[in-house]
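[1] pasted the sequence and its predicted model underneath.
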Amino acid sequence: MKKEVELEIFLKKSKLRKEVWERLIKMKTATEISKELNKHRSSISRVLLDLEKVGYIKCLNPEDISFRCYVRI
């Protein structure tokens, strides 16, 4: 339960974080999410790195520098 509350607080700090989180129901790339949200890919990539850093998502292919796929964990 504590982890769920921490996640909710983390997402409330940024509208874009929440929007990205909601799009990660299935595996997606930063490019796919940026097209869905009509935002710059660099902004989405930054949010994905933030989410990954705190342990809410995982990059499935970190060795691939041009087509990284992310998923919730």
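    Good, I have the coordinates. Numbering: from 1, shown residues only.
[2] what's the burial count for residue 47?
    For residue 47, the neighbour count with other Cβ atoms under 10 Å is 22. For every residue, glycine as well, the C-beta is placed using N, CA and C.
[3] any figure for the gap between it and residue 10?
    Separation of residue 47 from residue 10 (Cβ to Cβ, to the nearest Å): 11 Å.
[4] intersection of neighbour lists for those two?
    residue 17 (Cβ atoms under 8 Å, 6 or more residues apart in numbering).
[5] in contact with residue 51, which residues?
    Contacts of residue 51 (Cβ under 8 Å, 6+ apart): 17, 20, 21, 57, 70.
[6] can you tell me the element it falls in?
    Taking DSSP states H and E as the criterion, residue 51 maps to helix 41-53.
[7] residue 19 contacts residue 37, correct?
    Yes - between residue 19 and residue 37 there is a contact under Cβ atoms under 8 Å: 5.6 Å.
[8] what's the angle between the worst-scoring helix or strand of the chain on mean pLDDT and helix 41-53?
    Using mean pLDDT, DSSP states H and E, the weakest-scoring helix or strand in the chain turns out to be helix 2-12, at a mean of 92. Calculated by axes from the mean of the first three to the mean of the last three Cα atoms, to 10 degrees, helix 2-12 forms an angle of 160 degrees with helix 41-53.
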